[in-house]
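*Asks:* Have a look; sequence and predicted model below, questions after that.
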There are 2 protein chains.
Amino acid sequence: MCLEIIEKLAARGLKKTPQRRMLLKVLSQSDRHLSAEEVVARIKVQQPGISVATIYRNLNKMVEMELVSKLDLHDGPARYEIYKGHHHHLVCLGCGVALKIGICPLQGHIKKIIEEYGFRVNDHHFEVTGHCQKCQQEAKTDTRLPAI
Amino acid sequence: MCLEIIEKLAARGLKKTPQRRMLLKVLSQSDRHLSAEEVVARIKVQQPGISVATIYRNLNKMVEMELVSKLDLHDGPARYEIYKGHHHHLVCLGCGVALKIGICPLQGHIKKIIEEYGFRVNDHHFEVTGHCQKCQQEAKTDTRLPAI
DNA sequence: TTCTAATTAAGAACTATTATTATTTAGGGG
DNA sequence: CCCCTAAATAATAATAGTTCTTAATTAGAA
């Protein structure tokens, strides 16, 4: 999985360093988005000398190359995952999960409206926050006292 | 204009301070979004002792109260304007202008899809970056050498 | 194997924002 | 009108997340 990606890096003239291998391995082994710090923590298990700057530098590079995608909600740190095509998220404020949705607002009639403005689109962000089904259930059945 | 808003503050138990008056005056006199620092700079002309912390504190409070709206693209600082209803923007990377668009992706069929997930929406963000008509024109007719 | 540009680790610096604290003030009650 | 007190302020320290700097290391081409 990350073997193909590391080859893409090489194909674009970047070196195959152990740090980059580990970064991709950690991301591809996770079932959810990870922050830069989380990536660092996981790499440190096997490679204690890893530096945060290296991770940030490479994450940025890989986002640029569309090998990694970045989810930034401006609350805590940005979170990253292996790029798996363009998509948007429903982000749960309870458990933090980012559910992919298979639809993009830049298709359909919003696109037309933007074109009517004569605007040339470069990029866009669409993220929805709220509560997933599971966290809504838990809130209902939660017998703990509120934390005041 | 800002007189009505300052009354809304008072109605909710907040004091009518000269700092708040100036903040609202500066925002309502601007024809575009302003960053906190820009607001401070403009207030300093008449009230040199103004503190950034005061501006941030009050901007947050007013955003909460839906008297001011915040646009945060996570490149530079967040930008603020007097609240004029819910809307989204086309943000020009050339001149920085934020064009309002009269449409929201949370209406229509995207809403249905989100409901199908059983997700309870709390908030959402939709911003489009690119180049406005004017900046596209200028790029075409620009005879300056590229800045290398 | 050698060479060199790319990459790294370490930590300083930076930016935008929030927290702290001592001082000041708005505005209600007497 | 003056006093009182909670609210608000100025000044500045602190914070979080990320980027920059620099000297040392390394991947991989020749």
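*Replies:* Arrived safely. All of these numbers come straight from a predicted model, not from anything done at the bench. Numbering: from 1, shown residues only, chains lettered A, B, ... in the order given.

*Asks:* rest of the way, CA atoms for contacts and neighbours
*Replies:* Noted.

*Asks:* Pop the domain breakdown of chain A in here.
*Replies:* Under the assignment automatic domain parsing, the domains of chain A span A:1-85, A:86-148.

*Asks:* Please work out which residues outside stretch A:6-24 touch it.
*Replies:* The contact list for stretch A:6-24 (Cα atoms under 8 Å, 6 or more residues apart in numbering or on different chains) reads A:Cys2, A:Ile5, A:Val39, A:Ile43, A:Ile50, A:Thr54, A:Ile55, A:Asn58, A:Ile82.

*Asks:* could you dump that stretch to CSV, C-alpha only?
*Replies:* Extracted C-alpha coordinates of stretch A:6-24, given in CSV (Å, rounded to 0.1, in the frame of the first residue of the first chain):
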residue,chain,number,x,y,z
ILE,A,6,6.9,5.8,-1.8
GLU,A,7,7.5,4.9,-5.5
LYS,A,8,5.4,7.9,-6.5
LEU,A,9,7.7,10.1,-4.4
ALA,A,10,10.7,8.6,-6.1
ALA,A,11,9.2,9.1,-9.5
ARG,A,12,8.9,12.8,-8.7
GLY,A,13,12.6,13.0,-7.7
LEU,A,14,12.2,12.8,-3.9
LYS,A,15,14.4,10.5,-1.9
LYS,A,16,13.1,7.3,-0.2
THR,A,17,14.1,8.1,3.3
PRO,A,18,13.2,5.8,6.3
GLN,A,19,11.3,8.8,7.8
ARG,A,20,9.1,9.0,4.8
ARG,A,21,8.5,5.3,4.7
MET,A,22,7.5,5.3,8.4
LEU,A,23,5.2,8.3,7.9
LEU,A,24,3.4,6.6,5.1
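
*Asks:* Flag every buried residue along that stretch.
*Replies:* A:Ile6, A:Leu9, A:Gln19, A:Arg20, A:Met22, A:Leu23, A:Leu24 (16 or more other Cα atoms under 10 Å in any protein chain shown).

*Asks:* Do it and DNA strand C come into contact?
*Replies:* Yes: against DNA strand C, stretch A:6-24 shows contacts by Cα under 7 Å from any atom of the strand at A:Gly13, A:Leu14, A:Lys15, A:Thr17, A:Pro18, A:Gln19, A:Arg20.

*Asks:* right, and out of those, which lies closest to A:Leu34?
*Replies:* A:Leu34 lies nearest to A:Arg20 out of the residues of stretch A:6-24 next to DNA strand C, by Cα to Cα, at 15.4 Å.

*Asks:* State the pLDDT value of that closest one.
*Replies:* In this model, A:Arg20 is scored at 97, pLDDT.

*Asks:* Surely it forms part of a helix?
*Replies:* Yes: counting by DSSP: H, G, I helix; E, B strand; the rest coil, A:Arg20 falls inside a helix.

*Asks:* now it: how far from A:Glu4?
*Replies:* According to Cα to Cα, to the nearest Å, A:Arg20 and A:Glu4 sit 13 Å apart.

*Asks:* Could you do A:Leu34 as well?
*Replies:* 20 Å.

*Asks:* pLDDT (mean, whole number) over the helix or strand harbouring A:Ala10?
*Replies:* Using DSSP states H and E, A:Ala10 maps to helix A:2-11. For helix A:2-11, mean pLDDT is 87.

*Asks:* cool, stretch A:28-38 as well?
*Replies:* 96.
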